[in-house]
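# Any chance you could fold what I've pasted below:
(one chain, ligands or ions: 1)
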Amino acid sequence: MDGQQSKHERRVRYKGTHPKSFKEKYKELQPDKYADDIVKIIQKGNTPAGMHRSICVNEILQFLNVQPGQKGLDATLGYGGHSSELLKCLDGKGHLYATDVDPIELPRTRERLAEYGYGPEILTIKHLNFSEIDQVVLESGPLNFVLADLGVSSMQIDNPDRGFSFKTEGPLDLRLNPDKGISAAERIKSISKEALQGMLFENSDEPNAEIIARAIVAQRRKGHGITTTTELKAVIADALKFLPIGTREQEIKKACQRCFQALRIDVNSEFEVLYAFLEKLPTSLASGGRVAILTFHSGEDRLVKKSFKNFLREGQYSEIASEPIRPTVEECATNSRARSAKLRWAIKA
Ligand SMILES: C[S@@+](CC[C@H](N)C(=O)[O-])C[C@H]1O[C@@H](n2cnc3c(N)ncnc32)[C@H](O)[C@@H]1O
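Modelled structure (predicted):
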């Protein structure tokens with residue numbers, strides 16, 4: 001059960017008219033109860049706290065062309081926005097499987113979808129990495145459609161306890177599944193300067209990778225650990241104080257975005273699991289089955305493009321997207337998180 005809704009916990013109230021902290025946004029955290037407020041927030045182009053606005057919904061539905069009676073997989077359940085739309089297309093017939101690695105948001109989404117009337121007869125939710133799609137297929141049989149909407153959800157980014165954002169103080173964790181692997185703080189505790197530099201450059205094209213890696217290792221040598229999001233931000237800002245004053249603040253923000261992204265990709269092995277998923281896709285799909293993948297990072301998009309092309313050449317796919325589909329200008333204007341999205345698709349031969 002969601003701790004923020006616990007009867008025994010006193011609700012944190014707004015301190016003023018412009019609440020800043022995640023936990024103070026109690027209206028946004030209860031969208032069913034405060035529907036009018038949620039609509040107003042979305043109309044302003046913002047994403048309410050604790051919610052995720054699904055991207056490219058129309059484009060995805062148009063391509064997947066889901067029909068009642070089909071079996072499919074939403075490999076990245078998240079808030080369940082895409083899943084709800086796919087379930088509407090099934091119209092009570094067929095089955096949707098959904099996976100997510102996040103043990104914190106998954107039960108909340110399961111509960112939300114159950115409240116909408118989507119129970120186990122139509123929807124099976126598994127706490128599973130999509131790299132293990134073959135485990136789903138063992139149960140489901142060949143799939144008619146698969147969707148993957150990569151990366152992180154707004155709920156994960158906005159929750160300071162998860163450590164995904166440099167904008168708020170929190171533990172430097174960045175794991176999609178905090179019960180598995182090591183946190184980003186642990187990772188930078190022992191990594192060599194060279195490996196850290198390589199990670200920042202390879203994963204996020206950080207132009208100042210060497211300078212930032214050197215600063216992180218120097219901070220460590222002084223005996224100061226980097227255990228929180230704001231501590232890492234401070235080290236990055238200090239390392240980049242040689243930048244011209246006019247653009248410094250903006251450049252530091254971009255460097256923080258890139259460094260946090262690089263660490264997130266690393267601690268969650270994001271490229272490795274995506275590769276495993278892509279390799280297993282053709283054998284997971286039924287003949288004529290459709291897959292749509294939404295990426296937010298050029299490295300991910302390259303992997304998807306390459307895999308689709310290879311399997312097209314091998315005759316496993318009959319058709320693939322020649323160019324990625326981009327969200328509309330209107331969607332980008334009302335949801336800044338859509339701006340870097342690219343949608344690619346393939347059809348099983
Ligand atoms: C962008 S969100 C998906 C939002 C969802 N499409 C919606 O409409 O609400 C990405 C989700 O994928 C999950 N995820 C990321 N990598 C994963 C993986 N390898 N296996 C399973 N889930 C993953 C994240 O935990 C997150 O919940």
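
# so the residue in the stretch 201-349 of the chain positioned nearest to the ligand, which of the three states?
The stretch 201-349 of the chain approaches the ligand most closely through Val273 (4.3 Å), counting by C-beta to the nearest ligand atom. Placement of C-beta: from N, CA and C, glycine included. Here Val273 is recorded as helix under DSSP: H, G, I helix; E, B strand; the rest coil.

# number of nearby residues for it?
17 (other C-beta atoms under 10 Å).

# if I pick it, what's in contact with it?
Asn129, Phe130, Ser131 (C-beta atoms under 8 Å, 6 or more residues apart in numbering).

# The first one and Asp100: what is the separation?
In this case it means Asn129. Distance, Asn129 to Asp100, using C-beta to C-beta, to the nearest Å: 9 Å.

# same thing with the second one?
Going from Phe130 to Asp100 by C-beta to C-beta gives 9 Å.

# list residues touching both of the two?
Joint contacts of Phe130 and Asp100 (C-beta under 8 Å, 6+ apart) are Thr76.

# and this structure, which of its residues are near the ligand?
Within the chain, the positions adjacent to the ligand are 52, 54, 76, 78-82, 99-102, 105, 129-131, 149, 151-153, 176, 273 by C-beta under 6 Å from any ligand atom.

# In strands, which of those residues appear?
Thr99, Asp100, Asp149 (DSSP state E).

# quick one: low-confidence parts of the chain?
1-49 (pLDDT under 70).

# quick one, phi psi at the residue of it positioned farthest from its centre?
In the chain, the greatest distance from the average C-alpha position (C-alpha atoms, centre = their mean) is reached by Lys222, at 34.6 Å. Dihedral angles of Lys222 (phi, psi; degrees, to the nearest 10) stand at phi -70, psi 0.

# And for the closest residue to Ile325 other than its chain neighbours, the neighbour number?
Leaving aside its chain neighbours, Ile325 sits nearest to Leu343 (4.2 Å; criterion: C-beta to C-beta, 6 or more residues apart in numbering). Taking other C-beta under 10 Å as the criterion, the count of residues near Leu343 is 22.

# Run the chain-centre distance for the longest helix seen in the chain.
Secondary structure of the chain read by DSSP state H shows that its longest helix is helix 245-267. From the chain centre to the centre of helix 245-267 is a distance of 18 Å (C-alpha atoms, centre = their mean, to the nearest Å).

# Please apply the same query to stretch 99-113.
13 Å.

# ok, now which ones touch whichever residue of the chain sits closest to the ligand?
As assessed by C-beta to the nearest ligand atom, the ligand sits closest to Gly78 within the chain, at 2.5 Å. Residues near Gly78 by C-beta under 8 Å, 6+ apart: His52, Ser54, Asp100, Glu105, Thr109, Asp149, Ser153, Met155.

# Weed out the non-buried ones from those residues.
His52, Ser54, Asp100, Glu105, Thr109, Asp149, Ser153, Met155 (16 or more other C-beta atoms under 10 Å).

# longest single strand anywhere in the chain?
strand 285-295.

# quick revisit: among the contacts of Val273, which one has the most neighbours?
Result: Phe130 is most packed of the contacts of Val273 (other C-beta under 10 Å), 25 neighbours.
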